[in-house]
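Student: Test case, fold it:
(one chain, ligands or ions: 1)
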Amino acid sequence: MIAPLIFTGQAIELLDQNRLPDEVIYETCQTAEEVAAAIRELKVRGAPLIGIAAAFGLALAVKHYKGAPEQLESYFLKYKSLLAATRPTAVNLFWALGRMEEVFRQYEKQGISWLQEALIKTAEDILAQDIKINQAIGDHGEKLLKENSRILTICNAGALATGGYGTALGVIRTAHRQGKISQVWACETRPVLQGSRLTVWELMQDKIPVTLITDSMAGYIMQLNLVDAVIAGADRIAANGDTANKIGTYTLAVLADYHHIPFYIAAPHSTVDVNIETGSQIPIEERSHLEIKQFRGINLTVPEASVFNPAFDVTPQQLIAGIITESGIINPPFQKNIRQHLMQIRGGER
Ligand code: MRU
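Tutor: Numbering: from 1, shown residues only. I've put the predicted structure just below:
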């Protein structure tokens with residue numbers, strides 16, 4: 001399975017996801033500025049992977065620090081803010097940067113060389129843990145699926161969006177190994193086509209049967225009784241279960257509800273934001289109008305057309321049948337069960 005991010009010791013190599021599926025090219029990032037630009041430009045994307053890349057970006061910034069010890073804190077916080085400002089919706093970004101800051105806060109006792117190594121080690125741990133977390137999500141989620149399942153998914157919540165293996169695609173991968181998947185339907189995912197460019201490519205690499213549809217075909221295939229479950233990833237889950245994910249996810253959840261098809265979210269604990277009660281508090285990124293008006297430089301509309309381009313939407317918790325995490329499935333009622341589940345797992349800590 002392809003690795004979306006490789007740490008070489010001096011830099012990170014990021015698989016440039018804007019060039020997939022035509023070209024498999026890694027871009028070297030040696031500085032936090034380069035990592036921040038790669039996140040903003042969607043060369044690296046997907047909630048968990050954004051967090052991992054940002055953690056390495058911050059570790060690289062401190063690795064290159066040449067100033068006086070007294071200035072280190074403001075230097076660290078400047079780069080933390082730079083990385084935090086790249087994308088607003090996926091909470092994994094802030095979670096990973098928060099983990100890095102916890103390590104930074106121990107620096108005065110330990111010294112700068114210790115800090116430089118400890119930050120790299122923490123970023124490596126976040127990456128390694130993420131792969132294990134996804135495998136656990138796959139193990140739990142697979143149990144929800146019956147033989148010969150036909151699964152609809154959106155965007156790319158796969159190896160390309162995480163440290164490796166994937167969340168929604170992690171469930172599909174594990175279920176496929178158990179012989180339970182007869183078909184994956186991949187929504188193309190307008191405007192930037194993470195479904196057609198990334199999910200189709202990723203699943204075909206693993207020889208998992210996948211069929212591409214445009215986003216507007218989802219209702220029709222449900223009506224034809226060709227979908228047994230919908231599984232999507234998440235960028236942020238509020239304490240009540242409302243879930244932000246790629247634009248179009250809410251539409252799938254409404255359609256699934258109408259057709260009595262279970263709609264699941266697959267996500268790690270780091271995607272749950274218990275600091276916000278409902279989805280209305282989740283900041284929704286609005287991206288460049290050019291993503292809708294053009295594709296790879298070709299005009300798709302009148303250049304002066306007025307456009308609205310929110311990158312995410314929020315699925316209300318009532319439409320979600322279960323949240324598949326690394327520690328098991330969280331079932332409704334989410335208002336009660338998310339906090340209870342996380343408290344049991346974390347011993348009450350966040
Ligand atoms: O804009 P993107 O490509 O970063 O959006 C990604 C998604 O919406 C994914 O579904 C989500 O981050 C989960 S990835 C495991």
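
Student: phi, psi of whichever residue of the stretch 201-350 of the chain sits closest to the ligand?
Tutor: Ranked by Cβ to the nearest ligand atom, the top residue of the stretch 201-350 of the chain for proximity to the ligand is residue 233, at 2.8 Å. Placement of C-beta: from N, CA and C, glycine included. Reported as degrees, to the nearest 10, the phi and psi values for residue 233 are phi -90, psi -170.

Student: Show the pLDDT at it.
Tutor: Here the pLDDT value assigned to residue 233 is 98.

Student: right, quick check: stretch 91-102 against the ligand, any contact?
Tutor: No - between stretch 91-102 and the ligand, judged by Cβ under 6 Å from any ligand atom, nothing touches; the nearest distance is 7.9 Å.

Student: mind listing what residue 284 touches?
Tutor: 88, 89, 244, 310, 311, 312, 313, 314 (Cβ atoms under 8 Å, 6 or more residues apart in numbering).

Student: what about 6 Å?
Tutor: Counting by Cβ atoms under 6 Å, 6 or more residues apart in numbering, residue 284 touches 310, 312.

Student: That one belongs to a helix?
Tutor: No - under DSSP: H, G, I helix; E, B strand; the rest coil, residue 284 sits outside any helix and is assigned coil.

Student: The residue of the stretch 201-350 of the chain closest to the ligand contacts residue 156, correct?
Tutor: No - counting by Cβ atoms under 6 Å, residue 233 stays clear of residue 156, with 8.1 Å between them.

Student: circling back: with residue 267 as the reference, measure out to the residue of the stretch 201-350 of the chain closest to the ligand.
Tutor: Here residue 233 is placed at a distance of 6 Å from residue 267 (Cβ to Cβ, to the nearest Å).

Student: again with residue 240
Tutor: Residue 240 is 15 Å from residue 267, by Cβ to Cβ.

Student: quick one, which of the two is more surrounded?
Tutor: Neighbour tally, residue 240 and residue 267, criterion other Cβ atoms under 10 Å: the higher count belongs to residue 267, 29 against 20.

Student: dump the residue contacts of residue 234.
Tutor: Contact analysis of residue 234 by Cβ under 6 Å, 6+ apart lists 243, 245, 265, 267, 271.

Student: If we ignore the residues flanking it in sequence, what's nearest it?
Tutor: Leaving aside its chain neighbours, residue 234 sits nearest to residue 267 (4.0 Å; criterion: Cβ to Cβ, 6 or more residues apart in numbering).

Student: Phi and psi next, for the one you found.
Tutor: phi -160, psi 150.

Student: Return the per-residue confidence for residue 109.
Tutor: Residue 109 is given a pLDDT of 80.
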